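K.L.:
please find the sequence and the predicted model below.
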Amino acid sequence: MFRTAITHIENDYRFDLSAKILSMGSCFAENIGDRLAKFKFDTHINPGGILFNPISIFESIIMSIDDQKLPSESYVQNERTHYNYKFHSSINGATKTALDKAISQVRLKIKEHISNSDYLIITFGTAWIYELESSNLLVANCHKVPQKKFRKRLLSVPEIQAKFSQLKTTLQKQNPELEIILTVSPIRHTREGLTNNGLSKAILRLACNELCQDSKRVNYFPAYEIMMDDLRDYRFYEKDMIHPNEQAQDYIWDFFCKTYLSEAALNFTSEWQHILNTMQHRPFQPKSTEHQAFLKSTLERIKKLSTLVNTENEIDQIKKQII
């Protein structure tokens, strides 16, 4: 025995192929969301852009559902572009009016996805936050404004609990059946230094435990522990030694599937992975009899799955290669 493995988690719910999923938070929210979308789950990922700290993630949902007015001090102009401190820098405008229009569209999307989703995956990236010195406004993104305008500090677990309680009250009105999966991102935030990153992750992990204890329909997925305690080797990282590489992502995804997917969904993802591998194959002689037969066989496999998911794009892609 040369490794310590994370024990698989038992939970009361499983995704089937009809599940509607919203994934929000740090970069890992995008990674797991992209994987779900790749396997044909109805998935929406960070409608308002990447958010790293728990409070900003919760606020983006609460403000969208309750249609709360944004504080005047949350607006900022930098290098002729208008931003809002409560949103990612990808949400911007050439004028304040254009920015407000973009924000309105984002908030409508968040509200719509929250209303229609079965599962909400929230990934916490860091407990370090930045507040405007002038007003104590907690910002989701500094938008390259000079550092001297902000005060940096750590969130506390009670702060996260209090805002999550507000989020749950809001969600109860909008979608009481929504299941929440919390994760802590396995990506290191080295900007704060490794010691401060460890402190931040500890706060986030403790907060997740408290939130799961305090609320029904809230579950924790141990992406962070899988990376740190199961894989725990630099061969599972990209060259930057910060981000999990593809092998690590595959491993975490496999654990996620076994934890949350129904048996039918698991069978589908296995078959779909074979098809994706097949479609990536580049033949030396695409017009050969053997390859054309191979394409026709693959087309039939895809057509059989069209009763379960939308396969129009894949069918068109194969048909274009058949002579």
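P.N.:
Received, thanks.
K.L.:
show me the protein divided up by domain.
P.N.:
Following the assignment in automatic domain parsing, the chain carries domains at 20-262, 281-323.
K.L.:
confidence-wise, which of these is weakest overall?
P.N.:
Looking over the domains of the chain, mean pLDDT reaches its minimum on domain 281-323, with a mean of 89.
K.L.:
related to what we said a few turns ago, tell me which of the domains of the chain sits most buried.
P.N.:
Mean neighbour count (mean count of other C-beta atoms under 10 Å) peaks for domain 20-262 among the domains of the chain, with a mean of 18. For the C-beta atoms, the positions are set from N, CA and C on the backbone; glycine is no exception.
K.L.:
pull the contacting residues for Tyr224.
P.N.:
Tyr224 sits next to Thr183, Val184, Ser185, Pro186, Lys201, Arg205 when contact means C-beta atoms under 8 Å, 6 or more residues apart in numbering.
K.L.:
just the ones of those in helices?
P.N.:
The helices, defined by DSSP state H, take in Lys201, Arg205 from the contacts of Tyr224.
K.L.:
now the contacts of Tyr224 in TSV, with distance to Ile242?
P.N.:
TSV is the format used below for the contacts of Tyr224 (distance: C-beta to C-beta, whole Å):
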residue	distance to Ile242
Thr183	17
Val184	15
Ser185	11
Pro186	10
Lys201	13
Arg205	19
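K.L.:
nearest to Gly93, of the contacts of Tyr224?
P.N.:
Nearest to Gly93 among the contacts of Tyr224, counting by C-beta to C-beta, is Ser185 at 29.0 Å.
K.L.:
all strands for the stretch 51-200 of the chain, in order.
P.N.:
Remark: strands assigned in the stretch 51-200 of the chain by DSSP state E, counting those that start in this stretch are 75-78, 81-84, 119-124, 128-132, 138-139, 150-154, 179-184.
K.L.:
any idea how far the residue lying farthest from the centre of the chain lies from Asn313?
P.N.:
The centre of the chain is farthest from one residue, Thr289, which by C-alpha atoms, centre = their mean lies 43.4 Å away. Distance of Thr289 to Asn313, given as C-beta to C-beta, to the nearest Å: 26 Å.
K.L.:
all the helices of the stretch 51-200 of the chain, residue numbers only.
P.N.:
54-66, 96-116, 157-174, 194-214 (DSSP state H, counting those that start in this stretch).
K.L.:
tell me which strands and helices the first one is in contact with?
P.N.:
What it means is helix 54-66. Applying 3 or more C-beta pairs under 8 Å, 6 or more residues apart in numbering; DSSP states H and E, one finds that helix 54-66 makes contact with strand 20-25, helix 96-116, strand 119-124, strand 138-139, helix 157-174.
K.L.:
looking at the strands of the stretch 51-200 of the chain, which is closest to Lys320?
P.N.:
Nearest of those (C-beta to C-beta): strand 119-124, 34.8 Å.
K.L.:
list the strands paired with that closest one, with their directions.
P.N.:
strand 20-25 (parallel), strand 179-184 (parallel) (DSSP bridges).
K.L.:
among those strands, which is nearest Val145?
P.N.:
Comparing the strands paired with strand 119-124 against Val145 with C-beta to C-beta, the closest turns out to be strand 20-25 (22.6 Å).
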